[in-house]
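> can't give you the sequence, but here's the structure:
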């Protein structure tokens, strides 16, 4: 990988000499590839289309539909739509053009700034022109003809708006000699485009030769500046390396000087001491004065050696001083800390050596000063001296080895520094490093084939189904049968994917994939399974809707499955940006799904309202994500939690901002959950959207988003629990009360379901708000129970029809279902009782665990609210049961259509599982313990794996 | 642990700096003055403008869509400017990703607009207030 990177680096370096450009060459490469691909495709299309179209009749306008302009008889739709579309595209293109300017404004200087200003002014002028010509006024049908006349001019204006801004940044990109040529090319293109003379262009200023020359010189100067800047940046980067090299060479010098001198001194000392002792032995009875002189000479030599040693130490010290006073090195203080420690050790060692040597010397001097020395004593003196000799030799050896080890360490440090510099450069190219596994199972194979296999399979299945749809359409088959076939295929595909998840579920504690952008753990996989299971339920229940609907709904199954795929990605998101992409991804699909019934006014209203509120909430979330990114410098959940836990100074400074960010983020997510601040849309959108889509809102959307909320709060914002707890509690309490009391008075089924689900979401958020193990466990348990209960109830609701073919719009339409279908109605009644929280059923235990946990946390207010709300909800659920069983049959009995045996079994299983919880409570709670355990231990696991 | 994480996952530029220090330098200097930097204020104003535009416009769907674009522009430009100020290429990359999302959203919004006009004959919100609530 690294070799490849350096190849790219070398290949692209001369093209993009400035420092910023270096960090962007990954993008540049992608842009180049994209453009090359586009060019290739365009060329191929051009070649082939020329050879195939030869008939002049084929080219005539009638073959391509109606004329877009000047055709008063029939117009499919208004040309203003195209104009507004172009306006929007211009808006996006404009942003894309502002990016390079933002980056190069500092280097481009005032000239660049004025150029940019001109660009913006031109855009504004174009915009005002459009405004004046009435492109923004939506015309009524009567006035359409008048506006149509000016449509040509408007189109040319739009073209101008697109083409002109393109020319300026392009000339910047091809800096230097190319600038005038590109400019002229673009200019000629513009003139050609606008040759009709619809509007006069302020092009003269830019066609001026002098301006062009000035521009090119400025560009040259900018490039020169950029080269200089990059050189200085490189110097700053390499400065620590230089210092380290200096430092190593200094140490080498020191070693060269210090060791031989020390060794020489010791050698000298020992030889002289030996000589003196020899002299002592030889001339013991002859000349005492001679002995004394020899002794003193020996000790003088030793003293000189010690002096030399101190001097060496002083130079050593000064060297250290120079090394550590270098400011560039101070920046890499983490490395230097270790070195300082080592250096301190060495100096300590040397000073103790010196001390020991001086002590010994003093001792010998004292001994030798005694005039009355016997031969025996002299011998012992000699032995002592030999001992000292050995000790000093050992010390020298120790210092030498320490120095050697030190130098080795320095060189390895240098090596690591270089490799880390390389890594740094490489991480700038993170586009090219798609996978960094942080897990014990470190292999690409496991990555792609194991952990993301289900999602990849689902994508492949979608692609295959799309292909078959295209082939079927080519064979002119009926759209309805194609839609039903694709529904069956996708249903089987989803079952297959559930099987893959079952295989994954066991033996996986937690790991991060794709550089931490995707997480995988037992928790994630279990909730993905719940999401996909409920999604599959919706898909298979949509069949009767598809059959009954008069319009063809060819794209319906595909869009639904695509939305489920995005939800799976949301559940396993490990980074705020990937989570946001997944969230908006499935919302985009939902906009389309709501509007499949666009012919009815209610569906249009629901679509508009959902689009409006969903985009507001997405925008809020996005800004919250940015604020978190600003504070912590990262979007990875695990890094965020680590930073929030360890960087106390940062958290205390940025606390208000963090609070704001969390509020934005959670409000956006509450909207998707239809909890308190974003609950108002639910009833209307549920009522307006098609029945299966309403069920889709109730089941997979809520499961996936709540799974994500728990993952986010338990992983990323676990240390900041005090900041988000009040938000969640407020939302939970108000959702509980609002949902319960609004459902009380509701007569329409879908609105009733909407309010009931708001109430249930309130219960779920109550558990999350504690931020503790038991709270998460109770929430997960209630989430599973919620899914089971709603699958059961919705299965009957989606298949029941009034005698006139409508679905059960009012709650009173359930009347008589009990007499006609007693088995199914019994299950529905049990499910409703479970929703109300009647004791032996699982719904009771769900609420019980949640309220018990709140009581353990001494939140008595919450407990009281929960109990009251539960009582109120009992009333309205019992009301439905009363309608179902005990209200008279007046000949308008509802009909259940096309319930398959498997669906009937699903309903029975849902009911039985609600009953059976009391028997299987042990294993169920153990399984939930394991899930929540992986959720909470994930953090630690990640740290250990590093 | 944290340094190795930074080396692997994060941009090179924050490697040697203290996190708190970096945050303070991003948000207006040395911590003594609490003024936010102009780029942050600018992008926040863009975002807020879009948001207020959405909240206070209950007349026309087209204007709503423009406000949505403005709101996304605020958020995206804050990412991009963060990237520029901190010499962090991730900011721009995220900006591009989010730009794609914004384009998708406006494309679908235009689709909804056309549906409204074709079937409902109006793009004013006043025409879509049947469902009480």
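Great, that's in hand. Everything quoted here is computed from the prediction, not taken from an experiment.

> can you tell me which helix in chain B is longest?
Secondary structure assigned by DSSP state H gives helix B:89-115 as the longest helix of chain B.

> lowest-confidence helix or strand of the chain?
I'll assume chain A. Of all the helices and strands that make up chain A, the one with the lowest confidence by mean pLDDT, DSSP states H and E is helix A:204-207; it has a mean of 36.

> before we move on, what about chain B?
Lowest mean confidence among the helices and strands of chain B (mean pLDDT, DSSP H and E): helix B:2-9, at a mean of 37.

> could you say what helices and strands the helix or strand encompassing residue A:638 packs with?
For residue A:638, the host element (DSSP states H and E) is helix A:637-646. Using 3 or more Cβ pairs under 8 Å, 6 or more residues apart in numbering or on different chains; DSSP states H and E as the contact criterion, the neighbours of helix A:637-646 among helices and strands are helix A:601-632, helix A:901-945, helix B:2-9. (Each C-beta comes from the backbone N, C-alpha and C, glycine too.)

> which of the residues in that helix are buried?
By neighbour count with 16 or more other Cβ atoms under 10 Å in any protein chain shown, helix A:637-646 contains the buried residues A:637-644.

> So residue A:899 versus chain B, what's the distance?
Applying Cβ to the nearest Cβ, to the nearest Å, one obtains 30 Å for the distance of residue A:899 from chain B.

> Assign a three-state SS to that residue, would you?
Residue A:899 carries the three-state label coil when classified by DSSP: H, G, I helix; E, B strand; the rest coil.

> if we can go back for a sec, which of the helices and strands packed on helix A:637-646 sits most buried?
Among these, helix A:601-632 has the highest mean neighbour count (mean count of other Cβ atoms under 10 Å in any protein chain shown), at a mean of 24.

> could you pull out the strands for chain B?
Using DSSP state E, chain B contains no strands.

> got a list of what the spatially most central residue of chain B touches?
With distances taken as Cα atoms, centre = their mean, residue B:75 lies nearest the centre of chain B, 1.5 Å away. Residue B:75 makes contact with A:619, A:622-623, A:626, B:43, B:47, B:98, according to Cβ atoms under 8 Å, 6 or more residues apart in numbering or on different chains.

> Dump these into JSON lines; add distance to residue A:383 as well.
JSON lines is the format used below for those (distance: Cβ to Cβ, whole Å):
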{"residue": "A:619", "distance to residue A:383": "90"}
{"residue": "A:622", "distance to residue A:383": "85"}
{"residue": "A:623", "distance to residue A:383": "84"}
{"residue": "A:626", "distance to residue A:383": "80"}
{"residue": "B:43", "distance to residue A:383": "84"}
{"residue": "B:47", "distance to residue A:383": "88"}
{"residue": "B:98", "distance to residue A:383": "84"}
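
> Using TSV, please lay out these together with distance to residue A:873 and pLDDT.
As requested, those are arranged in TSV below (distance: Cβ to Cβ, whole Å; pLDDT from 0 to 100):
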residue	distance to residue A:873	pLDDT
A:619	34	93
A:622	35	94
A:623	36	93
A:626	39	93
B:43	44	85
B:47	39	91
B:98	40	90
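
> and which of the residues you listed is nearest to residue A:581?
Of all the contacts of residue B:75, residue B:98 has the smallest distance to residue A:581: 8.3 Å, by Cβ to Cβ.

> ranges for the helices of chain B?
Using DSSP H, the helices of chain B run over B:2-9, B:19-26, B:38-56, B:61-85, B:89-115.

> just these: most buried one?
Neighbour counts (mean count of other Cβ under 10 Å) averaged over each of these peak at helix B:61-85, with a mean of 23.

> residue boundaries of the strands in the stretch 651-800 of chain A?
A:800-801 (DSSP state E, counting those that start in this stretch).

> Please tell me the pLDDT value assigned to whichever residue of it sits closest to chain B.
Closest contact between the stretch 651-800 of chain A and chain B, by Cβ to the nearest Cβ, is at residue A:684 (4.3 Å). As summarised for this prediction, residue A:684 has a pLDDT of 89.

> Would you tell me which residues of the stretch 601-750 of chain A are close to chain B?
Taking Cβ under 8 Å from any Cβ of the partner chain as the criterion, the stretch 601-750 of chain A approaches chain B at residues A:601-602, A:604-609, A:611-612, A:615-616, A:618-620, A:622-623, A:626, A:629-634, A:636, A:639, A:642-643, A:646-647, A:649-650, A:653-654, A:657, A:680, A:683-684, A:687-688.
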